[in-house]
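> show me how the following folds:
(one chain, ligands or ions: 1)
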Amino acid sequence: MKLITERLGRQLQGQVITDCKTTRDNLRVFAQSIRGARVERIFCKGKHIFLEFSPDIFLQNHLLMRGRWRTVKGRLLLLPTEMWLALEVGNVTVSNVNGQVLRVLDRDGLQQQLDSLGLDVMSAECSRERIVAAMRREEAPLGEVLLDQSVLSGIGNVAKSEALFLARIHPQARVSILRPERVAKLAESILYVMWESYRAGGRWTHRVYRRAGMRCYECGNRIAMIRQGKQRRSTYFCPVCQIV
Ligand SMILES: [Zn+2]
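Okay, the predicted model is just below:
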């Protein structure tokens, strides 16, 4: 999300919205109210992108699986239905395609949303020590803790599996039973895989992710997959390399 936020920032920050169109009924009032407004700031926390317009209007976006931001030259006279929002700035139109969450907020609403999210692992204030401190408060299996955006924000399903593999920790392990140096190693691995993907332009290195049944690059045994948490999210791991 950091890469997308930075790109949107380069295109929109400081610009005046000359026109705004939407195909969503719930965004029509917003679209009207930001015509002529300035884009003050674009920032992210975890996987959420926030756009701030003058005066005190905020738009929260979560792309989930299918949402995208696209930029086209010129104006769009008619929006295709999959285009939820089109922001016209100068001779460029920046549009959100397929949402998937677009929520209009005032300043209090923004603060509530920011407070509901845990430490952003890609933020400047993040450190190995702060990740350890956040994980230490949790009792659930680590495969679930890492996806809990109220604990740490920004870690997705790929980063979860890859970080646990690099730290050699079983996804069902609980932080309370791990030696401090192993918890520190996990924090370091989280930062490693997140920044590795950032430097690769958003691409992930799959050491275990979606490799169930294939050979582990480290030990040659077969990668396994389990489902964890209420949402039954898939976690890929090596049953030999990764121990509780
Ligand atoms: Zn292995």
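
> from the contact counts, what lies against the longest helix seen in the chain?
Scanning the chain for the longest helix, with DSSP state H as the assignment, gives helix 180-199. Secondary-structure packing of helix 180-199 (3 or more Cβ pairs under 8 Å, 6 or more residues apart in numbering; DSSP states H and E): helix 128-136, helix 157-166. Glycine gets a C-beta too; all of them are placed from N, C-alpha and C.

> apply 10 Å and report the result again.
helix 2-12, helix 128-136, helix 142-145, helix 157-166 (3 or more Cβ pairs under 10 Å, 6 or more residues apart in numbering; DSSP states H and E).

> export those to TSV and append columns for mean pLDDT.
Converted to TSV, the helices and strands packed on helix 180-199 look like this (pLDDT from 0 to 100):
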stretch	mean pLDDT
helix 2-12	95
helix 128-136	97
helix 142-145	98
helix 157-166	98
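
> for Gly229, which of those helices is the nearest?
helix 142-145 (4.3 Å; Cβ to Cβ).

> and that closest one, how far out from the chain middle?
Relative to the mean C-alpha coordinate of its chain, helix 142-145 is positioned 16 Å out (Cα atoms, centre = their mean, to the nearest Å).

> need the contact list for the nearest residue to Gly9 once chain neighbours are set aside.
Closest residue in space to Gly9, ignoring its immediate chain neighbours: Ile42 at 4.4 Å, by Cβ to Cβ, 6 or more residues apart in numbering. Ile42 makes contacts with 4-13, 49-52, 59, 61, as judged by Cβ atoms under 10 Å, 6 or more residues apart in numbering.

> try Ser116
Here Ser116 is in contact with 45-46, 48, 149-150, 153 (Cβ under 10 Å, 6+ apart).

> one more: Val101?
48-49, 60-64, 67, 84.

> for Val240, see how far away the residue nearest to the spatial centre of the chain is.
Centroid-nearest residue in the chain, with Cα atoms, centre = their mean: Lys47, separated by 2.3 Å. Taking Cβ to Cβ, to the nearest Å as the measure, Lys47 falls 32 Å from Val240.

> below-threshold pLDDT in the protein: ranges please.
Along the chain, segments meeting pLDDT under 70 are nowhere present.

> near the ion, which residues of it are found?
216, 218-219, 238, 240-241 (Cβ under 5 Å from the ion).

> with respect to Gly109, which of the residues you listed is nearest?
Taking Cβ to Cβ as the measure, Gly109 lies nearest Cys238 of these, at 43.1 Å.
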